[in-house]
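Undergrad: Just to be clear, the model below is a prediction. Sequence and coordinates:
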There are 2 protein chains.
Amino acid sequence: AIGVSANEELMNLSADAKNWAMPTGDYANTRYSKLNQINKDNVKDLQVKWTMSTGVLRGHEGGPLVIGDVMYIHTPFPNIVYALDLKNDGKILWKYEPKQDPSVIAIMCCDTVNRGVAYGDGKIILAQADTTVTALDAKTGEVAWQAKNGQATDGSIAESSTSAPMVVKDKVIIGISGAEYGVRGHISAYNLSDGTLAWRAYSTGPDSETLIDPEKTTHLGKPVGPDSGTNTWEGEQWKTGGGTTWGWYAYDPELNLIYYGTGNPSTWNPVQRPGDNRWSMTIMARDADTGMAKWLYQMTPHDEWDYDGVNEMILVDDMDIDGQQRDVLVHFDRNGFAYTMDRANGELLVAKKYDPTVNWATEVVMDPASDQYGRPQVVAEYSTQQNGEDTNTTGVCPAALGTKDQQPATYSPKTGLFYVPTNHVCMDYEPYKVSYTAGQAYVGATVAMYPTPNSHGGMGNFIAWDAAKGEIVWSKPEQFSVWSGALATEGDVVFYGTLEGYIKAVDNEGNELYKFKTPSGIIGNINTFEHDGKQYIAVLSGVGGWAGIGLAGGLLGAEGAAAWQQAVAGENAPTEEEKSISTAGLGAVGGYAALADYTTLGGQLTVFGLPD
Amino acid sequence: AIGVSANEELMNLSADAKNWAMPTGDYANTRYSKLNQINKDNVKDLQVKWTMSTGVLRGHEGGPLVIGDVMYIHTPFPNIVYALDLKNDGKILWKYEPKQDPSVIAIMCCDTVNRGVAYGDGKIILAQADTTVTALDAKTGEVAWQAKNGQATDGSIAESSTSAPMVVKDKVIIGISGAEYGVRGHISAYNLSDGTLAWRAYSTGPDSETLIDPEKTTHLGKPVGPDSGTNTWEGEQWKTGGGTTWGWYAYDPELNLIYYGTGNPSTWNPVQRPGDNRWSMTIMARDADTGMAKWLYQMTPHDEWDYDGVNEMILVDDMDIDGQQRDVLVHFDRNGFAYTMDRANGELLVAKKYDPTVNWATEVVMDPASDQYGRPQVVAEYSTQQNGEDTNTTGVCPAALGTKDQQPATYSPKTGLFYVPTNHVCMDYEPYKVSYTAGQAYVGATVAMYPTPNSHGGMGNFIAWDAAKGEIVWSKPEQFSVWSGALATEGDVVFYGTLEGYIKAVDNEGNELYKFKTPSGIIGNINTFEHDGKQYIAVLSGVGGWAGIGLAGGLLGAEGAAAWQQAVAGENAPTEEEKSISTAGLGAVGGYAALADYTTLGGQLTVFGLPD
Ligand SMILES: O=C(O)c1cc(C(=O)O)c2c(n1)C(=O)C(=O)c1cc(C(=O)O)[nH]c1-2
Ligand SMILES: O=C(O)c1cc(C(=O)O)c2c(n1)C(=O)C(=O)c1cc(C(=O)O)[nH]c1-2
């Protein structure tokens, strides 16, 4: 009973455009708002209405939740949650600050980010960095229950948590991070009422642990057969094989399926782990009640570039594809291909590059008759596997952080287009042999990143995408990767943030209508809500994340970089100071070094509105 | 030659209202701007134009400097300095971050604040927390020279630095902090060209070190006589006697005198240090070239309440006092009296309470014939000396942080009024015996603060003051102390900030015209400048300082408070947890605890302007 009512309450709350009741805006991950008071004609008049520091530096991902008169915001580690009174200029109703062992910071690959808290059944659910799941009374901030989802700081497995939980019916869905430390990915459902574990599905391993039915679970329409989570691995490598689940979750209430993607196989050195490494790099559709897999699709078998498949799945109904109305899932993968799939059965409908400079593969084979069906066709020159260990494979596009990383895209049903924050970055990638030590870095590659050569010189684009045709409709170049989540609105305005700290508003054709420089680089997701009859736009600033790790992690100097190299690369650390800095932070530091000329650390909420 | 030209350049820069070329706005400390584009009619339309995080939490005092196209901002420890390009949305032209031993944090009484950098001779002068004086090339941020002004972290003397330097002719004037650690105050002049010491004047000690001429230096018109810096102390107590110089400096170019005040005598336990404790709590007028004292005036002989005399001296010409035109100095002292003095000779013209609830003294005797001339008349009930050690003297108004602390007032020549940010706080004060250990806290009193009883319930007022008559013209109550510096403008708008984080604009009559909630509590000083034909208002947010030490120093919880008590009060620390928290931070934590409901830590610049 509680489950059904919790879910109904949440669906009602999120159906009311005045609220922003889920981190993703809605179960479909569209991040589209029906509010239209702020529109393409008046958005130029937008003003800052109020602001609040979060009291925490480093990267601020996710965004505020708004439910009625209360806004909930969260911070990166130490994962403070504030409830703010919208009736009283954001006065702090309550604050929750967990006590966490700071040693978890050292096992977070890509900054100490957190992508937001979820609401359900009168509770605010926080996935703490140390993998403690905390349910707070939404009214008082008192702890309702806590559960331990992983083993962040006991030294055994370097599991950590960054993703935003999603409440589905009477459960809360939570993933895990740590594929740079050999963590074996899993997704878990906790009972919302008391925090007990309902089910857990691993990304790799025996069918009983992956919750895969060899007969009924399909891959591109065919049953996967027994032991699919172990039989493309050598020996017991699947036990430290990655496939973490640190991205976004989507839910289709009618099909009762949840959708998410799994991350890279561990290590980054492909030579060490022969095989397809299933089910890393895979889109998963699972029954929300039982966790059983309905269908799977592995986008990047045997990853050689760290193209984690965790980016969000955006669910759109009745998309016209070659004259047929399909209920689809659209996914902009790190690997540079945008996938449109039938979300009921996992049929691959479209797979096209959403940045024309993607070069590691020529195409994804779409012919069901081919033995390569659904597989990207790797270009030998850019195959770090074929070039081998201790060889620097250069000029691979995109870089490890992909044509898009976790920064979520938005979909406007009004235009039928997706608006996608993208990276425009290439890399050099040199794999080397590593051995697994529990709780330690297990990376196995040295990476350097840089703006896509022979292009516009910048490291990002904000694009509009036609997912039925698989075509870029327009592309707006940006100096740095667009690492913020975007927001499309009924007012024909699309919002996104930049790493320099600008919030930008564009019309449906990509023309810039408004920009404002917030206190720090934006890697948060832009939201909108209505209060007291007025529409507002809200965003968390706070540069960081993988792209901003140089600033956030203090890796731009020789000292910080050397310490990082020592911890992660050990004897494989580059000896020259310059290379040590440029390849620190898994290769992101060098590429984004110029960010330090534009912005500084600092977590802030900025709320925008029209003049009174 | 360099000196004269440096000074001329600075005087020209500061005479041009487009700049904000000195921390104090001008040598006279008026903080008045001739800019009037933003005025009482349009200030309601003010908008946030751009913002920037400083990347540092804790209390941000002082404010931006603006010289031409460049804005310079600074942070509390670690004392980062940024040069920002006003032509390019605040792009960072250079950043300087000194390497400082963090152990200095423990010997800063009232948060790790810094009140700003000074400009002169093409250099930006930074007084680092660790007392290193650093001169940076204003164009490149390269270090031009460094000097050591004190001994912050070598363990010998707990000297530190928080005040803003003032460039005068070819020298830079710099004070010292640490009277809560038995530091003997001094003020020093360094040569702007190379950082060599030109002169140093101690607050206590032999005439050769106080730069006092027994015959020529006067106190209320009379020569002070020999050894005035030692003969009101027992034995060698003057050596650890405080009188630090951490406030503001003013300069009269015609008289060639610099003005400043000295702080409390050490310890806070008055019973331990009989005598007037000269020249603590004293307004000083010194020759800018030689440092020799022209005149002195001790406001609070034998302080029993920690009423440091360091607040700014505001210089006004031709003030009509009883029909005579006088060139005066106006000073709002911590002790609750506002003093108007002839600044050429130190004659006392007016001394009146600027908060009617001040109760520790009845009046300052104004009759030159009286043996009490110039002395406040202490009320026995509130005399912590007379009540004695280990007795809690209750209900003293103002509290130790005074009717006003370092937060500077502003003067409008247009209205002839002073606009003064004030505290409205009382205290209980219990002195206890302490012994001096070099480098350690030397406090000797337990203090608790609270809003003035039987008043409006708030802890502050923003007032207008007539310094000729010694009268409050109007008083605007505030929930918390107004801990920011104020700004008066030709546009008939006066600005100030609040600890909750609001910037507020009032008209000359105190009517609120505009308010905006910035990301954190404001303890910075509000500035204005013009760029590209447009007037802007700029302020640093970042709650802290003494009033905000509970938030900034993490003393609101049992753990932080207990550690603070251990370090400062040792065996005299209160045993009950509640009292330990409420008396932490030298008594400020309890009084301002409710601030945590309104604001959070975080350093940010906010720049306001009118709609385009
Ligand atoms: O493999 C993992 O477990 C894992 C975790 C995370 C994370 O939890 O933030 C990131 C990544 N990988 C990753 O590959 C990546 O590009 C990335 C970017 C970010 C970010 O927040 O900016 N996190 C992560
Ligand atoms: O005696 C000293 O040396 C000393 C130093 C300082 C300082 O340097 O900030 C303060 C004080 N005292 C002090 O009494 C005081 O009220 C105070 C307030 C503040 C502030 O910045 O909020 N600093 C100081």
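TA: Alright, I've got the coordinates. Ligands and ions are numbered 1, 2, ... in the order given.
Undergrad: contacts, neighbours, all on C-alpha from now
TA: Will do.
Undergrad: Around chain B, pick out the residues from chain A.
TA: A:47-57, A:89-94, A:516-520, A:596-605 (Cα under 8 Å from any Cα of the partner chain).
Undergrad: which among these end up buried?
TA: By neighbour count, with 16 or more other Cα atoms under 10 Å in any protein chain shown, the residues of chain A next to chain B hold A:47-57, A:90-94, A:516-520, A:596, A:598-605 as buried.
Undergrad: The residues you listed in strands, which ones?
TA: A:47-53, A:91-94, A:516-517, A:604-605 (DSSP state E).
Undergrad: Let me know the closest of those to chain B.
TA: Nearest to chain B, judged by Cα to the nearest Cα, of these is residue A:52 at 3.7 Å.
Undergrad: Pairing-wise in the sheet, spell out the partners of the closest one.
TA: Taking DSSP bridges as the rule, residue A:52 bridges to residue A:605.
Undergrad: ok, it touching residue A:606?
TA: Yes - here residue A:52 reaches residue A:606: they are 6.7 Å apart, a contact under Cα atoms under 8 Å.
Undergrad: List the residues that contact the residue most central in space within chain A.
TA: The centre of chain A sits closest to residue A:406, judged by Cα atoms, centre = their mean, with a distance of 2.5 Å. With contact set as Cα atoms under 8 Å, 6 or more residues apart in numbering or on different chains, residue A:406 has these partners: A:247, A:248, A:310, A:311, A:312, A:483.
Undergrad: Looking at these, spot the one nearest chain B.
TA: So of the contacts of residue A:406, ranked by how close each gets to chain B (Cα to the nearest Cα), first place is residue A:483, at 18.4 Å.
Undergrad: if we can go back for a sec, the residue nearest to the centre of chain A belongs to a helix?
TA: No - per DSSP: H, G, I helix; E, B strand; the rest coil, residue A:406 lies outside any helix segment and is coil.
Undergrad: who in the stretch 301-450 of chain A is up against ligand 1?
TA: Proximity of the stretch 301-450 of chain A to ligand 1, by Cα under 6 Å from any ligand atom, involves residues A:308, A:401, A:405.
Undergrad: repeat that with 5 Å
TA: Applying Cα under 5 Å from any ligand atom, one finds that the stretch 301-450 of chain A approaches ligand 1 through residue A:401.
Undergrad: any chance you could map the helices in the stretch 301-450 of chain A?
TA: For the stretch 301-450 of chain A, the helices defined by DSSP state H, counting those that start in this stretch cover A:384-387.
Undergrad: For it, which residue gets nearest to ligand 2?
TA: At 40.8 Å from ligand 2, residue A:407 is the closest residue in the stretch 301-450 of chain A, using Cα to the nearest ligand atom.
Undergrad: Confirm for me that that residue is in contact with residue A:484.
TA: Yes - look at residue A:407 against residue A:484 with Cα under 8 Å: they come within range, at 5.2 Å.
Undergrad: What is the burial count for residue A:140?
TA: The burial count assigned to residue A:140 is 13, neighbours taken as other Cα atoms under 10 Å in any protein chain shown.
Undergrad: Could you check the pLDDT of residue A:1?
TA: Here the pLDDT value assigned to residue A:1 is 38.
Undergrad: which parts of stretch A:417-435 are buried?
TA: A:417-434.
Undergrad: what are the phi and psi angles of residue A:14?
TA: phi -80, psi -20 (degrees, to the nearest 10).
Undergrad: before we move on, what about residue A:550?
TA: phi -60, psi -50.
Undergrad: Apart from its chain neighbours, what residue comes closest to it?
TA: residue A:589 (4.6 Å; Cα to Cα, 6 or more residues apart in numbering or on different chains).
Undergrad: does that neighbour count as helix, strand or coil?
TA: helix.
Undergrad: show me where chain A has helices.
TA: For chain A, applying DSSP state H gives helices covering A:2-15, A:207-210, A:384-387, A:549-552, A:558-568, A:577-582, A:588-591.
Undergrad: Could I get those helices in TSV, plus columns for mean neighbour count?
TA: Below are the helices of chain A laid out as TSV (neighbours: other Cα atoms under 10 Å in any protein chain shown):
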stretch	mean neighbour count
helix A:2-15	17
helix A:207-210	18
helix A:384-387	20
helix A:549-552	27
helix A:558-568	19
helix A:577-582	21
helix A:588-591	26
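Undergrad: which stretch among those comes nearest residue A:296?
TA: Closest approach to residue A:296 among those (Cα to Cα): helix A:207-210, 11.4 Å.
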